[in-house]
Structure formats: C-alpha cells, structure tokens
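# Kindly return the folded structure for what I paste below:
(2 chains)
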Amino acid sequence: MNVRLTVNGEPHEAEVWEGESLLFALRERLGLPGSKNACEQGECGSCSVLLDDRLVCSCLVLAVQADGHDVVTVEGLAEDGRLHRVQEAFAATGAVQCGFCTPGFVVAAADLLEHNADPSDDEIREALSGNLCRCTGYAKIFDAVRLAASQ
Amino acid sequence: MARLIRTEKEVEGRFTEQWIVVEEDALDQWPAGPRTVVGQPTRRVDGVERATGAAVYTADVQLPGMLHAAVLRSPHARARLVRLDLDAVRAAPGVRAVIGPDDLDVLTSEPCYEGHGVAAVAADSFEAARAALELAAPEWEVLEPLLDPEEAVRRESLLAEPRRHDRGDFDRGLAAADVVVQAEYRTQTLLHNPLETHQSVCHWEGDTLVLYTSTQNIWGVRDEVADAFGLPHDGVRVICRFMGGGFGAKNDAGDYTLVAAELARRTGRPVRCALTRREENVVSGNRNATIQRLTAAARSDGTLTALGGEFVSALGWDGWLGPTAGPMQMLYACANVRTVEYGAKLNLPPMAAFRAPGFVEGTFGLECLLDELAARLELDPLELRRRNHADSDGTDDRPYTSKNLMECYRRAETHWERRHEVRARSEGPWKRGVGMASQIWYGGGGPPSYAWIRVGSDGRAVVVTAMQDIGTGTRTAMAQIAAEELGVPLEHVRVEIGDSARGPYSVISGGSSTTPSMGPAVRSAAADVKRQILEIAAQRFHLEERVLDLKGGNVVSADGGSWSLEEVTGLLEDAQILGKGARGPNPTGMRVMTFGAQVAEVAVDVETGEVRVERVAAIHDVGRIVNPLGASSQVEGGIIQAIGHALSEERLDDPATGLVLTQTLDAYKVPTIADVPEIVTELVDVPDEHLTNLGSKGLGEPPIIPTAAAIANAIRDATGADVRSLPITREELLHALEAAREQERRGAAAPA
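Numbers count the residues shown, from 1 in each chain, chains lettered A, B, ... in the order given. Alright, predicted model coming up:
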C-alpha cells in the first residue's frame, strides 16, 4: 500500500505492507532510525513518537494508520540546528547512559512538558513510567526533566 | 627495554597467570583530589549523539542488499528431532539460504534447553524468514528434562568440579561460639534485558569477515569467530561504536553472530541476525538461581568464630560457576571458613555473567545471615560488621592494595542513625525500617590494554583504541584522562573506539575493568605525546625540557613564557606526534578489591505485603573517581537494578516442562521510573596508591551487590520478618510475616 504522511515537517511517501508498523516504516523505509525497536509490543517506550501531537508507541501503530497524519520523531525535535531543551537537559544532567532508551524518553518528556510546564515528581513518574531504562536508574532522568522544565 | 613479566589476571573472580610485556616506567600518580579535568563532573562527550537519535547502534546498521536471518529454536527443554523439512523452507518466497544441525556447531538436532538453535534461514525480510521457518514442521521426540538443581547435584550432573574452600578448623570454630545461626537463602533466575537485544550484522569482504555486533568484548568476539571459521584473527573485523547495554550478557559471540556469518558466507550478502525480545529472555543468558545453606558462629562480643556455606548454583546447560562463596570467604575476618559450591547442569538456558556474578547472590545470603546473627547477639548490625573487619584477604592473607571500608562505615553512620526517626514514622499497616549491608568485589582491571594518541598540527588530540562503550561513559572518561595529562581542554580531545581494525587491543567491558585497565594506558600514551611535544618545544625555543610544561592548551616555561600548542605542533604541517601507552601490571603479592556499604530505608504494608524502597544511601570505595557525574550514574543504575532483583524480577520456568514463562517485559518486571527511591551517593575517592598510574578501580558492579540484602534487613527491622528468598514478592513477604508471628507465639508459649 502507498502511504503519505508528514514526518518532522516534511512530506513523505512510502510503499508499505499492510501489517507493517509505523516504527518499521520510519526506521527501514524513511531512513529515520532514531526511534528504537526494543520490544516490538508496546512495553518499553523506546519507539515513542508524536502522532498528531499525541504520544504513541510507534510499534503499536500501523504504518497505514499514519496515512495522512503528522508524525514527529526524535530526529524532529531540534529546531534550526538547536537542540530541544529536553535533549540538552538529558545531555547536561548525565541522563544518558547506553542511550538506546533515550530517544523514547526524550520524546515522552518533551510531550509531558508540552502539556504540563511544571510537572511534580509524581506527574513525572506517571508520565514516564511507560518508558523502560535498564542503565541509568532513572535518577538523572528526573534531573533532566526538572532542568528542562525550569528553562 | 621491554621487560617480560609473569602476572596474575582476574576477570570477575576468575584468576589466570599470564605473561605481559612492560615497556615503560610507571608514571607517578596525580595527587589525590579533583584535578582540572579528571575528578570534575563531566557531561558525556557523546551525550548529544545519543539524545538526538544520531548514534548508530548495531540495530541501526543498514548495508546494501542486507538479508535478515531467523532462527528455529527448540520449543522443548530436551528433545530429539525426528523430522525437519528444510527443503520446504528453502522453497519459501524470499529465502536465500538455509542451514540446519549439520551445518554449524551452534545448531543441533538434540536440543538440551528451550531455545537451543536448530536451523536458520536468511531471507529478503525478517517476516519472510520467519514465515519460511513455519514450513520446517519439526517433529520431536520429547525427552524428560532435568530441572531441579538439588537433583542434579545428587546425580552429579555438574558443569564444574565442586569447589571447596576450607581454612582453619570450622568445627572448632563452631564449638568456640556462643551463638550459631543457620538459615537457607534462595535467589532467583534473573534476566539482563538490555534495551538493545543481542544482534550482529555480518558481511564478507573477500576473505575478511566484517562484523557489526552489540558487544562488550570486541576482541573476544574477533577471536571466537575467527577460530570458528578457521580464519586468522584479523580476518575478522569487529565493529561496535554504540551498543545498547549488556550487563555481562554480551561477552561472547553468541549463536546469532555465527549464524549471520555462515549465512552471509553462503549468500555472499550482508546478513542481520537479531534476537527478538522473546528470544532475548530465553537464550541470551541469565543470572543463575542459587540455594545457599549458611552458618555463622560468633562469640558473645560478636567476633566471628566460623562461617560455612553450601551453595548450589542452577547454571543451566552451559556456563561457569560464579564465586557465590566469595563474599563469605572474603568480606569478614574469620579464621575458620568452610564452603562448597556446586554448579548444576540442567536442561535450562545457559547462564551468563550478570553484573558481579556470584557476589550479588552470595552477598544477599551472607549479609542477611549477619543481621540474623546481630539480632541473636543483640548487637548493632553496623557494629558487628566493624568488629569483624578484615585487614587482609582471608583466603591467602594477601594485603589489600587499598581498603577504606571503615571510612565507608563511618560515612554510613549518618544514614544509619536515621533508623530511629524512620521507624517512628510507621503508621497503620505501613511499618518502616532501615537495613544495611556491606560489599566486597574485584574491579582492579589488569593488562593488557593499549591506547594510541595522535596530535596533529592543529594541536588537537585523538585517542585511538579498539575498546567498546557499553554505556558507562568510557569515551568521556578516556577523553578526561588524556586532556588532564596533555594539559589541553576536554573539547580538544576526540576518542575513536569500537573497531578492531582501527586501534589496538582493549580489555573486555566487564568485571568493572574498563576504567582501571584502559585509563592507565590512555594516560601513558598521553604522557608519551607530552614528552615529545616538550622535546620539540625545548629545541624550538632554546629552553631546557625540565622548565617546560603543558597547561591550558599552552606550552609554558618556568620563567613565564607561554606558547599555544598550535605554535609548536603547527611547525610540523602534515606531520603528527604519535604516542602509545600500555596498561602496566598489578602489584604482585597484593589483592585489589572494591568495597562499600549501603543503607536502605523501606516501608512495608503488613496487610498487603507491599514493599516500597524509600531511600538508599550508597558509599563506595573504588579509588580515584575520574568522572563524578558518570560515577553517580553507575551507582544509581546499580541500585535500581538491585531493587528489581530484590522485589520484582524473576524468570519463571514451568517446573514440569522447563519452559520459560516470562518472555516479555510485561511478564518480567524490570523497575520503572515510578519505583525510584531517593538515592544518595558518596564516593570515598582516595586513589589506590599501589594500583597503576591512575589509582582508579571499577565501579560498574559494586553498587548492585549489597542492595538486596540491605532491603531485606530493612524489612526485618520494620516487621521482624526474615525474608530469605528473592524476589520479595507480596506473597513471599506475607509468608515471612506469618512465620515471624508463629515464632513469636511459640516463644511466648515457651517456659521462661
């Protein structure tokens, strides 16, 4: 099937198989490997993207469902060569270790701050509990979100 | 002149003797304390690449014409293949090559654990590969699996000779004691679950196999794959620039690498073989379960008179026997110690090293037992630990190169004193308590490891070494060390790693050995470059070398002269200054170990069995700290993994069939951000004066070691219940509470 969608502000077109996930289309067909595939069934959040400004696991969305819609991936958060404040905060606070979960966390945290400029710790816990990290112990991810919120 | 010496090499408690060549005199260590770059909290030099999605992991490698492999794995714990239709697989759409049990050593027709590889296919897409395997229609003769580790010990189904340690006179030690405590502890099978699953992309360029892989051990994979294919070692080029976590599970090539290499050889095309999350949770390795029957005996003043333990490790079909008795042999001064360790060979997936293998499990048992002993002695648990402090290694009386455990205990006091206030905050069904535990582990690293540094006419330095970064921030630490020695800003140093064809040998990223092994080599290479730069400057400016130094990116002289580095290196145009450095030996006759103590605060709902860890204070002694920001991150990561080990993580196997029931991340519960307690990290940060030109030990593993015992001891403090089995699920805790109440009733009924 042919799908047309907007990704990070650019129009894209791709030939996809009906059962194919949006994640697969982004990574394998559109050359955007920033969203990671770690569980392929919505358990880890590594593939988090914004679909029409809504946070989704792109492994749980079919590519055909994104036809005609607007997608923002981790590659699209920086604007005019300037890092998104969440990306800058993750780097500055040491919230990145192996980094495989980081793109998903960055997208989820950016979405949180978009809807809640000054989240409480409990709101951070709630918003990011769908993203798994096996390295950092999450403490510095808290630091990063608080730092980004303060800016 | 090169000196050939014999030295002892240690990786995760396994010692071997080996020859090394020492080419240079050791540099003096820097004075203790933070320096201009080393010891300063430093953000990762590659943090932005990772946070923007630009970092390329093995999972992201795309090569023209790449095929995708899928592996047919045994659905039974033990079986014999009766029929397999590989011709049907071969005829399926998109299939390019098929291999079966006769084609590769890692494939078998008599699988001995669930997930054992049987056949593999390379196809145009992963879906096509998987669909093709559906046509193989295997028929099995299912055989009775051996699953019970105690039964395996009885039948002598073992992966290693039973390991015995017997010092002093255990029985006399028992007889001399005023109090003896005995208990059985159990730890569960745990899964690493790095976010990037195990995977490789293999591609033949002529006679050279180019291999992208998610690994902790570039050089080990190179040698293993070269041997498997009969190639010279450098006939395999291993590349791993970024990798998504390992925790010990990615030390070897793995069947997926050999499958991809063979299928690439047969098709003449690049082949990716990536484990799915389900395969990851079955066949990629695990921390083996243990059963520990332990004894501690002490005089009334707390002096240990005997320690004993029988340890059964359920290793699965393959693997090695981790040092589960290590903490009992080494953590405390005790003249009479008797341990025996069995490694049961079972029809379960093979174990793999997992962050301080053996010591994590053994410390849980020992440190819970010590608190049970403290309770019987009516002694403060921290004081009991102090009274039994070991001044040297109890196994062979070797002195430690450095040990600041007493300082860790001193710093733990502030956190330990909170227990009165914490207990007082108990209310209703929520009981609160505080527990502690100590930690000992290896982490000294060792030779060989090498680094090259080149400085060009622009005065910028490039550190080149074929090491990998498993996420601990090794690029950053190496850049800091080079910048410090060269006296240049951190931004003027690049670190190029991750390619066996483009750099010298580096140590495995395991056993907390990366910084203590690679760091000294990088410093040594930087010193070589610095010496050359000062020699050049001395001749250029007609000064003596001894009055010159490198500082802040300048060559400076004692009389106040200053020239930018580029002024010196710029003379050379296209020429480069090349330095090399090697890791020197560890001191002979001494033992290099890491130490620490943790204090945990918990809240326990005695009606539902829910446990919340509210605060963990971690104090660790690992020598000089290179990057305090990275170090605290290691501590936090270790603690949260340990909280998972203590409370929620467990691989469940069907006891009848030996099949793994927890194959996904909704069944196998790793902690989330909602589970994070307050974590306080304190690092003693005193350089080990006997260890290398750096004085640093490793910190990857120490923080995960004492946490589970500290949590269990806090639960006892809160509720009086002895939890002796991990994970401490609600069910487990409610049973322990019931047992404690039963014991209290019996105690009350007994005559005084």
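# Which strands and helices lie in contact with the helix or strand encompassing residue A:122?
Assessed by DSSP states H and E, residue A:122 sits inside helix A:121-128. Helices and strands touching helix A:121-128, by 3 or more CB pairs under 8 Å, 6 or more residues apart in numbering or on different chains; DSSP states H and E, are helix A:102-115, helix A:139-149. The way it works is simple: take the backbone N, C-alpha and C, and place the C-beta from them, glycine included.
# neighbours of the closest residue to residue A:61 other than its chain neighbours, just the number please.
Leaving aside its chain neighbours, residue A:61 sits nearest to residue A:22 (4.3 Å; criterion: CB to CB, 6 or more residues apart in numbering or on different chains). Applying other CB atoms under 10 Å in any protein chain shown, we find 30 residues neighbouring residue A:22.
# if I pick residue A:22, what's in contact with it?
By CB atoms under 8 Å, 6 or more residues apart in numbering or on different chains, the residues touching residue A:22 are A:49, A:51, A:56, A:58, A:59, A:61, A:62, A:63, A:65, A:66, A:71.
# Check residue B:244 too.
A:36, A:38, A:98-101, B:57, B:59, B:194-196, B:214, B:471.
# what kind of secondary structure is the residue of the stretch 151-300 of chain B found nearest chain A in?
Per CB to the nearest CB, residue B:244 is where the stretch 151-300 of chain B lies closest to chain A, at 3.0 Å. For residue B:244, the assignment made with DSSP: H, G, I helix; E, B strand; the rest coil gives coil.
# Could I get the full set of strands for chain A?
A:2-7, A:10-15, A:48-51, A:54-57, A:70-72 (DSSP state E).
# Please identify the most buried of those strands.
strand A:48-51 (a mean of 25; mean count of other CB atoms under 10 Å in any protein chain shown).
# Check which helices and strands that one sits against.
For strand A:48-51, the elements it packs on are strand A:54-57, strand A:70-72, helix A:102-115, judged by 3+ CB pairs under 8 Å, 6+ apart.
# Could I get the CA-only coordinates of it as CSV?
Presented in CSV, the C-alpha positions along strand A:48-51 are these (Å, rounded to 0.1, in the frame of the first residue of the first chain):
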residue,chain,number,x,y,z
SER,A,48,7.9,6.8,21.3
VAL,A,49,6.8,9.3,18.7
LEU,A,50,4.2,12.0,18.4
LEU,A,51,1.3,11.2,16.1
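# Pull the distance from that strand to the chain's centre.
5 Å (CA atoms, centre = their mean, to the nearest Å).
# Out of the helices and strands packed on strand A:48-51, which is closest to chain B?
With distances scored as CB to the nearest CB, the stretch of the helices and strands packed on strand A:48-51 nearest to chain B is helix A:102-115 (4.5 Å).
# can you map out the helices along the stretch 351-500 of chain B?
Along the stretch 351-500 of chain B, counting by DSSP state H, counting those that start in this stretch, helices occupy B:359-377, B:381-387, B:405-416, B:419-424, B:474-486.
# Enumerate the positions of the longest one that are buried.
Put plainly, it is helix B:359-377. Neighbour counts over helix B:359-377 (16 or more other CB atoms under 10 Å in any protein chain shown) mark B:359-375, B:377 as buried.
# And for the second one?
Neighbour-count burial for helix B:381-387 flags B:381, B:382, B:384, B:385, B:387 (criterion: 16+ other CB under 10 Å).
# Residue B:124 contacts residue B:96, doesn't it?
Yes: with contact defined as CB atoms under 8 Å, residue B:124 and residue B:96 form a contacting pair (7.2 Å).
# Could you chop chain A up by domain?
A:2-76, A:85-150 (automatic domain parsing).
# Could you provide these in CSV, with additional columns for mean pLDDT and distance to residue B:694?
Output for the domains of chain A, formatted as CSV (pLDDT from 0 to 100; distance: least, CB to CB, whole Å):
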stretch, mean pLDDT, distance to residue B:694
domain A:2-76, 97, 34
domain A:85-150, 97, 21
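# mind checking which of those is nearest residue B:627?
Among those, domain A:85-150 comes nearest to residue B:627, with 8.7 Å by CB to CB.
# Look at that closest one and report the distance between its end residues.
One end of domain A:85-150 to the other measures 10 Å (CA to CA, to the nearest Å).
# Mind putting the contacts of residue B:244 into TSV with neighbour count and distance to residue B:687?
Output for these, formatted as TSV (neighbours: other CB atoms under 10 Å in any protein chain shown; distance: CB to CB, whole Å):
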residue	neighbour count	distance to residue B:687
A:36	29	38
A:38	26	39
A:98	29	28
A:99	31	30
A:100	30	33
A:101	29	34
B:57	22	35
B:59	23	39
B:194	27	32
B:195	29	34
B:196	29	34
B:214	32	33
B:471	31	25
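# which one among these gets closest to residue B:102?
For the contacts of residue B:244, with residue B:102 as the reference and CB to CB as the criterion, the closest is residue B:214, at 28.5 Å.
# surely the closest one meets residue B:60?
No: Residue B:214 is beyond contact range of residue B:60, at 10.7 Å (criterion: CB under 8 Å).
# Secondary structure class of residue B:311, three-state.
strand.
# quick one: stretch B:221-240 to chain centroid distance?
The answer for stretch B:221-240 is 24 Å, by CA atoms, centre = their mean.
# That stretch vs chain A: in contact?
No: if you take CB under 8 Å from any CB of the partner chain as the test, stretch B:221-240 misses chain A, and the best it gets is 11.7 Å.
# Return that stretch as CSV; C-alpha atoms alone will do.
Provided in CSV are the C-alpha atoms of stretch B:221-240 (Å, rounded to 0.1, in the frame of the first residue of the first chain):
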residue,chain,number,x,y,z
VAL,B,221,34.3,-11.9,19.6
ARG,B,222,37.0,-11.4,17.0
ASP,B,223,39.0,-14.4,18.3
GLU,B,224,35.9,-16.6,18.8
VAL,B,225,34.5,-16.1,15.3
ALA,B,226,37.9,-16.3,13.6
ASP,B,227,38.5,-19.7,15.3
ALA,B,228,35.0,-20.9,14.4
PHE,B,229,35.7,-20.1,10.7
GLY,B,230,39.3,-21.1,10.6
LEU,B,231,40.4,-17.5,9.9
PRO,B,232,43.4,-15.6,11.1
HIS,B,233,42.3,-13.5,14.0
ASP,B,234,42.5,-10.3,11.9
GLY,B,235,40.5,-12.0,9.2
VAL,B,236,37.5,-10.9,11.4
ARG,B,237,37.0,-7.2,11.8
VAL,B,238,34.6,-6.4,14.7
ILE,B,239,32.8,-3.0,14.9
CYS,B,240,30.8,-1.7,17.8
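# how about that stretch: buried residues?
Across stretch B:221-240, burial judged by 16+ other CB under 10 Å covers B:221, B:222, B:224, B:225, B:226, B:228, B:231, B:236, B:237, B:238, B:239, B:240.
# what pLDDT does the fifth one get?
Put plainly, it is residue B:226. We have a pLDDT of 98 for residue B:226.
# How about the second one?
Residue B:222 is assigned a pLDDT of 98 by the prediction.
# Where does chain A get nearest to chain B, residue-wise?
Nearest to chain B, among the residues of chain A, is residue A:34, at 2.2 Å (CB to the nearest CB).
# residues in contact with residue B:569?
B:455, B:456, B:457, B:458, B:459, B:533, B:577.
# Can you get me a residue count around the first one?
Put plainly, it is residue B:455. Residues near residue B:455, counting by other CB under 10 Å, number 26.
# do the same with the second one
Neighbourhood size, residue B:456 [other CB under 10 Å]: 17.
# Am I right that it is in contact with residue B:578?
No: look at residue B:456 against residue B:578 with CB under 8 Å: they stay out of range, at 10.4 Å.
# State which one residue of the stretch 601-750 of chain B is found closest to chain A.
Per CB to the nearest CB, residue B:636 is where the stretch 601-750 of chain B lies closest to chain A, at 3.2 Å.
# can I assume residue B:28 sits in a helix?
No: assigned with three-state DSSP, residue B:28 falls outside any helix and is coil.
# show me the contacts for the closest residue to it other than its chain neighbours.
Among residues not flanking residue B:28 along the chain, residue B:693 sits closest, at 7.4 Å (CB to CB, 6+ apart). Listed by CB under 8 Å, 6+ apart, the contact partners of residue B:693 are B:26, B:27, B:28, B:29, B:520, B:523, B:524, B:584.
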